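Chemist: Got a predicted structure here, sequence first:
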Amino acid sequence: MSVRDIIILGCSSQQPTRFRNHGAYLVRWNNEGLLFDPGEGTQRQFIFADVAPPTVTRIFISHFHGDHCLGLGSMLMRLNLDKVTHPIHCYYPASGQRYFERLRYCCIYKENIHVVEHPVKKAGLVEDDGKFRIEAAFLDHGVENIGWRITEPDTVKFHKEELKKLGIDGPIIRKLEEEGKICWNDRWVHIDEVSHVRPGDAFAYVVDTRPCKEAIELALGAKVLLCESTYLDEDRAMADEYRHMTAKQAALIAKEAGVKTLILTHFSARYRDPEVLGEEARTVFPNTLVAEDLRRFPFPK
Ligand SMILES: [Zn+2]
Ligand SMILES: [Zn+2]
């Protein structure tokens, strides 16, 4: 099975600190690399994380505040330097097209990579290419800012014992999967007699927003919600003013959406140890983890 994990390349908010780089998150999933919001210095964080940049197949930009996109140009140039041959799909708010282009062509370089632009104009389904279903929602941040929900396809899980009882194996199983039923020993065997459907997992990404119903909808039943928690609840007035969230508010979203795991990120520089934000969130949503630069979180099936 291919590797499935979430690598934190940075977890600061607007201002990086000695311990936290600008945000950037790599989700390695079903032989792809989904990179979210490459902030400044992301290229170098790949080296520290011991991950080869060509792992990246898709780049998601939530919005065009600097901490979420300043590393886009250098990441694309790095992929160019590495001569990647697969397309790089980029998803971002359509209203930021000029910022996307400026970042993409901010300096001299000869572009050889194949960048596929996906400017997103409206909420809902962005793309379903059979590998991932990508959905977008506009959040509450004062500028157009997209939260993402990525879902893998459902898969069929065969019951080995049932197959064995019927004497079905090898290429016959594939035929059954393709055709839905096969004639076997003078009777029809239907796929649902010997299998069940395993719903694909969902990953939700919500940063830079006040709490809103769109964030909850995006995260409904997700396996993992990677969510901002810029402030502690004692600083809620500031969170509200700058259209961000507190750790407690992030936990309430996770709880209401019924996610399995919440990972907090996008921490204000005022908190030296973001574990305090984790403690606050766990009072509402116990299965809360706290991002840390270069930390890897498993994303098991
Ligand atoms: Zn931010
Ligand atoms: Zn922002």
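Modeler: Alright, I've got the coordinates. Ligands and ions are numbered 1, 2, ... in the order given.

Chemist: ok, now which ones touch the nearest residue to D201 once chain neighbours are set aside?
Modeler: Counting by Cβ to Cβ, 6 or more residues apart in numbering, the nearest residue to D201 once its immediate chain neighbours are dropped is K223, at 4.3 Å. In short, each C-beta sits where N, CA and C put it, glycine included. By Cβ atoms under 8 Å, 6 or more residues apart in numbering, the contact set of K223 is 201-203, 259-261, 299.

Chemist: Got the phi and psi for L289?
Modeler: Phi and psi for L289, reported as degrees, to the nearest 10, are phi -110, psi 160.

Chemist: need the contact list for it.
Modeler: Here L289 is in contact with 261-264, 278, 297 (Cβ under 8 Å, 6+ apart).

Chemist: again with A94
Modeler: Each residue near A94 by Cβ under 8 Å, 6+ apart is listed here: 119-121.

Chemist: Identify those among these that sit within strands.
Modeler: In this view, those that belong to strands under DSSP state E are 119-120.

Chemist: which one of the contacts of A94 is nearest ligand 2?
Modeler: V120 (16.5 Å; Cβ to the ion).

Chemist: Contact partners for the nearest residue to that closest one once chain neighbours are set aside?
Modeler: Of all residues not flanking V120 in the chain, A136 sits nearest, at 5.0 Å (Cβ to Cβ, 6+ apart). A136 is in contact with 91, 120, 122-124, 126, 146-149, counting by Cβ under 8 Å, 6+ apart.

Chemist: Can you tell me, leaving aside adjacent residues, what's nearest to L72?
Modeler: The shortest distance from L72 to any non-neighbouring residue, by Cβ to Cβ, 6+ apart, is to L103 (4.4 Å).

Chemist: same deal with H22?
Modeler: Distances taken as Cβ to Cβ, 6+ apart put G39 closest to H22, at 2.6 Å, once the chain neighbours are dropped.

Chemist: Now that neighbour. Its backbone dihedrals?
Modeler: Torsion angles, degrees, to the nearest 10, at G39: phi -80, psi -180.

Chemist: Read off the pLDDT value for it.
Modeler: The model reports G39 with a pLDDT of 98.

Chemist: likewise M1?
Modeler: What the model reports for M1 is a pLDDT of 57.

Chemist: go on, D186?
Modeler: Looking at D186, the pLDDT reads 89.

Chemist: next one: R198
Modeler: Here, the pLDDT recorded for R198 equals 93.

Chemist: Going forward, count from 91.
Modeler: In the new numbering, first residue 91, that becomes R288.

Chemist: Skip the chain neighbours and tell me the closest residue to the closest residue to ligand 2 within the stretch 241-390 of the chain.
Modeler: Nearest residue of the stretch 241-390 of the chain to ligand 2: D298, at 3.7 Å (Cβ to the ion). Once flanking residues are discounted, D298 sits nearest to H231: 4.7 Å by Cβ to Cβ, 6+ apart.

Chemist: neighbours around that neighbour, how many?
Modeler: For H231, the count of nearby residues is 21 (other Cβ atoms under 10 Å).

Chemist: What of F389?
Modeler: As a burial measure, F389 scores 17 neighbours (other Cβ under 10 Å).

Chemist: Shouldn't K247 be within a strand?
Modeler: Yes. Assigned with DSSP: H, G, I helix; E, B strand; the rest coil, K247 falls within a strand.
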